[in-house]
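Enquirer: Sequence first, predicted coordinates after that:
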Amino acid sequence: MIVLPTPVREAILERAREGDPEEICGVLGGEYEPDGRSRVRSQYPATNVAETPRTRYEIDPEEQLAIFDRIEDRGREIVGFYHSHPRGPPRPSATDAARATWPDRSYLIVSLEPLAVGSWRWRTAADGVDAPGDRFEREDLVVE
């Protein structure tokens, strides 16, 4: 489960609307719990540097490290990442799964058509879960 404050949700939705038709992206900071419950405290917008930003997102590695440092300096942890699918569903694409690299972290996905927000945890075979291979698992999203 991931707990997302309403103001953070609204800020991400506003960025997605402003970024349309391109995907927007960023990092979620807060309290990460390996048992599967995390609480977002803030979102850190990032520039989408993908070659095809209408259908992909990529955070510049240097910008990502700077965001990680900011999160750490504030005494928080990396809860996960977010991006938008302006014309797609709020679930991971095959490309999202191929590029996921943070085990047990949340990947929040915003869809503008239809307007929806979904969250998924990236699980790897090393997680000790019975299902084979690396995959996304839908997680409960609580907005408060």
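Expert: Structure received.
Enquirer: Next, the residue nearest to D60 when sequence neighbours are not counted: phi, psi?
Expert: Sequence neighbours aside, V49 is the residue nearest to D60 in space, at 4.8 Å (criterion: Cβ to Cβ, 6 or more residues apart in numbering). Yep, even glycine has a C-beta here, placed from its N, CA and C like the rest. Dihedral pair for V49: phi -100, psi 20, per degrees, to the nearest 10.
Enquirer: Give me the neighbour count for V49.
Expert: 14 (other Cβ atoms under 10 Å).
Enquirer: Could you verify my assumption that it touches P61?
Expert: No: applying Cβ atoms under 8 Å, one finds V49 not in contact with P61, separated by 9.4 Å.
Enquirer: ok, L141 to V40 distance?
Expert: 10 Å (Cβ to Cβ, to the nearest Å).
Enquirer: between those two, who's got more neighbours?
Expert: Taking other Cβ under 10 Å, L141 and V40 do not tie; V40 has more neighbours (25 against 18).
Enquirer: State the three-state secondary structure for that one.
Expert: Secondary structure state of V40, per DSSP: H, G, I helix; E, B strand; the rest coil, is strand.
Enquirer: in the sheet, who's paired with the nearest residue to it once chain neighbours are set aside?
Expert: Closest residue to V40 apart from its sequence neighbours, by Cβ to Cβ, 6+ apart: G30 at 4.4 Å. Partner residues in beta bridges with G30, using DSSP bridges, are V40, E77.
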